[in-house]
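Asker: After the sequence you'll find the predicted model.
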Amino acid sequence: MTEKATSREVVKGAQKMTSSEAFVETLVSNDVTDIFGIMGSAFMDAMDIFAPAGIRLVPVVHEQGAAHMADGYARASGRHGVVIGQNGPGISNCVTGIAAAYWAHSPVVIITPEAGTNTIGLGGFQEANQLPMFQEFTKYQGHVTHPNRMAEFTARCFDRAMSENGPTQLNIPRDYFYGESITEIPAPRRVDRGAGGTKSLDEAIELLKTAKNPVIVSGGGVVMADGVEEAKALAERLGAPVVNSYQHNDSFPASHPLWAGPLGYQGSKAGMKLISEADVVIALGTRLGPFGTLPQYGQAYWPTEAKIIQIDADHTKLGLVKKISVGITGDAKAVAIELVKRLEGTELASDATKAERAANIKAEKDAWEQELSGWTHEKDEYSLDVIEEAKGEEGNWLHPRQVLRELENAMPEDVMISTDIGNINSVAHSYLRFEKPRSFFAPMSFGNCGYALPTIIGAKAAAPHRPAIAYAGDGAWAMSMGEVLTAVRHDLPVTAVVFRNRQWGAEKKNQVEFYNRRFIAGELDNGESFAEMARSMGAEGIVVDKLENVGAALKEALNAQMVDGKTTVIEVMCTRELGDPFRRDALSTPVRHLEKYKDYV
C-alpha cells in the first residue's frame, strides 16, 4: 500500500464532516500523536484515518498494559496519555490501569466505544454498561449523546483531564462514529491555576518569618507544575532541607545540598530525622498521603507539633490527612514563585542559623549514606535464616540491597525508572535518586502488580531519547511480561530488571511478622528462566548471579537500548531475605478461639 501523507493541521471553522472525522480532528487539536490499545471493530471507522492524521496506534498484548502505557506516557510528557479498546472485554481490561493513573493524577483519557444504541439493553455481543466501571477512578465521564456532539464531548474530556489532573472517560456508542454534521473543532482550554489567595499567602509568610527550622516536602504537584527550579529557589531562600513525598523521588534533585531524600516506606532516615525537628512544614504540591507519613524504621518521625503550610491545586486535599495551619489552593510552581517574591528583603528567624542547619543536613545525610553502604543484607532473624539456607543451595544468590546499590551506581543521569509493587521494589526507594523531574514512575496508592513494564514502555514512547528502566519482582513481572512483545514489535526499547527471589515477598513478610512463618501461596520457585523467556520474545536476556556483574549488565543493556534499539531483561538471582513490612498497622496479632485453630497464633 502506498504511504499516505499525514497532516497535523486542524481544520478551521465550521465544516461538513463525519463523526469519525470530528473525533480524530479533536484528537489532533489536543496534540495526540500516540494511542495505546488493541484494535476493534467498535472504533474501526475512526482508526482508519488515524495514520493520515499523524496518530500512531500502538497495539499491546493486554489492555491493562495499554492503560499503564498511557499513564507512563502522560507522566513522562506532561500531556495526555490516551488508551482505547474494543467495547466490553477490551474496556473492562483497562479498569486497573485507569485506577493506577487516577492515584498518580495522570491526565489519561480512556476512550470507550460502547455497544450500538440500537442493541443496548438486549444483552448483545460484548455489551457492558461501561460508565459505572470507571466512576470511582475518573475525574469526568463524557458520554456522547448524539453523533453531532462528538467533537464537543471529546474536547471536554481532554480539557477536564488536564484541569482536574486525572483520568477522564469518553464513552461513545459505536454507531455514533457514523453520520455527518457541520462541526467546528473546539480549541483546547487550559486552566491558569495561579498562586492562591492573598489572605492565605499572607498567613504563610507570617509563619515563615518566625519559623526557626522550616522543612519542605516536595510532592508530585511540583513535578506536574514543572516547578522544581522554583522549589529549589524557595528552599535556598529558607535554607530548608527538602524531603520528597512518598514515591515522588524525582521532585527535587538528589545532588542538591538541601535534598534529604524520600519520606515513607523504605525512605531516607536522614529526611525523617530532619523533618521530625521541623517547627514549620511547607507541603508543596502534596496531599500528604498516609503512606508518606506513617512510622518507618521504628521511628514515628512526623512532627506532630509543627505548623503546616499545605499547597495543593485541589482545595479538597487541604487538611484532608494532616491538620494544617495554612492552606493555599494554587499551582505549586506559581505559589513557590510568589512566596520567594514576598520573602525578598524580609528578615526571617531562620536566617541566623542557615549555616548551622546546612551542616546538620550534611551530617544526617552522610550518616544515612554510610548506614546504607554498610547495610549489605537484612538482619532480621528470618532473613538471616534464609541467607544461611542459600549457602547450601545450588547457584549464587545475591543480597537485594547490594544489587540495588550497584544498580544505583551504574545509573545514567537522565534515566527514567518505573517500579512495581513488591518487597525489593519498596526497598529500592532508598536507592533511587534523580536529577530531573518526570523520571520516577511508581504505582502510587493503588499499588497494583504488573505496573512497571508497561508504564516504562509508555514513558519511552513519550521520551525516546531517555534511558528507560523497569524494576519488578518475579511475581509482579509475570503479570505483565508479555508486554516485552509490545516493546520489541513496535520499536520501544526498554530495560527491565527482574529480581528473582522466588516468592511473593511483600505478603510473605507479613506471614513472617504476624503468622509465625506459616507460608501459604507465597512460593514462586520454578526452573524457567525469565531471561530465556525474553529471548524467545525477541528481546535480549541476561542472567546475573555475581555482584560484580550487576553494574556491567545494566550498562550493557542500556547501550543495547539507546544504541541498538533493543529491549533487554536482566534477571538477577536474589536471596529470599525480606525488608521491613509495608505497614505494621495493617495487620493485628491473630487471635483464635476454636480448639481446632489454637495453634495458629
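Answerer: It's in. Model, not experiment: these values are computed from the prediction. Residues are numbered from 1 along each chain as shown.

Asker: now the strands for the stretch 101-250 of the chain?
Answerer: 108-114, 140-143, 168-173, 180-183, 214-218, 242-244 (DSSP state E, counting those that start in this stretch).

Asker: Quick one: closest of these to Met537.
Answerer: strand 108-114 (26.4 Å; C-beta to C-beta). Placement of C-beta: from N, CA and C, glycine included.

Asker: Quick check: mean pLDDT of the closest one?
Answerer: For strand 108-114, mean pLDDT rounds to 98.

Asker: Helix or strand with the lowest mean pLDDT in the protein?
Answerer: Within the chain, no helix or strand scores below helix 505-514, which has a mean of 91 by mean pLDDT, DSSP states H and E.

Asker: Tabulate the CA atom coordinates of it in PDB.
Answerer: This file holds the C-alpha atoms of helix 505-514, laid out as PDB (Å, rounded to 0.1, in the frame of the first residue of the first chain):
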ATOM      1  CA  GLY A 505       7.900 -11.100  49.100                       C
ATOM      2  CA  ALA A 506       5.700  -8.300  50.500                       C
ATOM      3  CA  GLU A 507       2.900 -10.600  51.700                       C
ATOM      4  CA  LYS A 508       5.300 -13.300  52.800                       C
ATOM      5  CA  LYS A 509       6.900 -10.700  55.100                       C
ATOM      6  CA  ASN A 510       3.600 -10.300  56.800                       C
ATOM      7  CA  GLN A 511       3.500 -14.100  57.300                       C
ATOM      8  CA  VAL A 512       6.900 -13.800  59.000                       C
ATOM      9  CA  GLU A 513       5.800 -10.900  61.200                       C
ATOM     10  CA  PHE A 514       2.300 -11.900  62.200                       C
END
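
Asker: by contact count, what packs against the lengthiest helix in the chain?
Answerer: Using DSSP state H to define each element, the chain has its longest helix at helix 354-374. Contact here means 3 or more C-beta pairs under 8 Å, 6 or more residues apart in numbering; DSSP states H and E; on that basis helix 354-374 packs against strand 259-262, helix 269-276, helix 400-410.

Asker: Pick the most buried one from those.
Answerer: Stretch with highest mean neighbour count among the helices and strands packed on helix 354-374: strand 259-262 (a mean of 28; mean count of other C-beta atoms under 10 Å).

Asker: Output the contacting helices and strands for that one.
Answerer: Where contact means 3+ C-beta pairs under 8 Å, 6+ apart, strand 259-262 is packed against strand 242-244, helix 269-276, helix 354-374.

Asker: how far is that strand from where the chain is centred?
Answerer: Centre-to-centre, strand 259-262 and its host chain are 18 Å apart (C-alpha atoms, centre = their mean, to the nearest Å).

Asker: ok, back up a step: pipe the helices and strands packed on helix 354-374 into TSV and attach distance to Val427 per row.
Answerer: Below are those laid out as TSV (distance: least, C-beta to C-beta, whole Å):
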stretch	distance to Val427
strand 259-262	12
helix 269-276	13
helix 400-410	6
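
Asker: Including mean pLDDT and distance to Gly527, could those go into CSV?
Answerer: Below are the helices and strands packed on helix 354-374 laid out as CSV (pLDDT from 0 to 100; distance: least, C-beta to C-beta, whole Å):
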stretch, mean pLDDT, distance to Gly527
strand 259-262, 98, 37
helix 269-276, 98, 39
helix 400-410, 98, 21
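
Asker: how about the ones you listed, which one is nearest Phe177?
Answerer: Across those, Phe177 has its closest neighbour in strand 259-262 (45.6 Å, C-beta to C-beta).

Asker: That closest one pairs with which strands?
Answerer: Counting by DSSP bridges, the strands paired with strand 259-262 are strand 242-244 (parallel).
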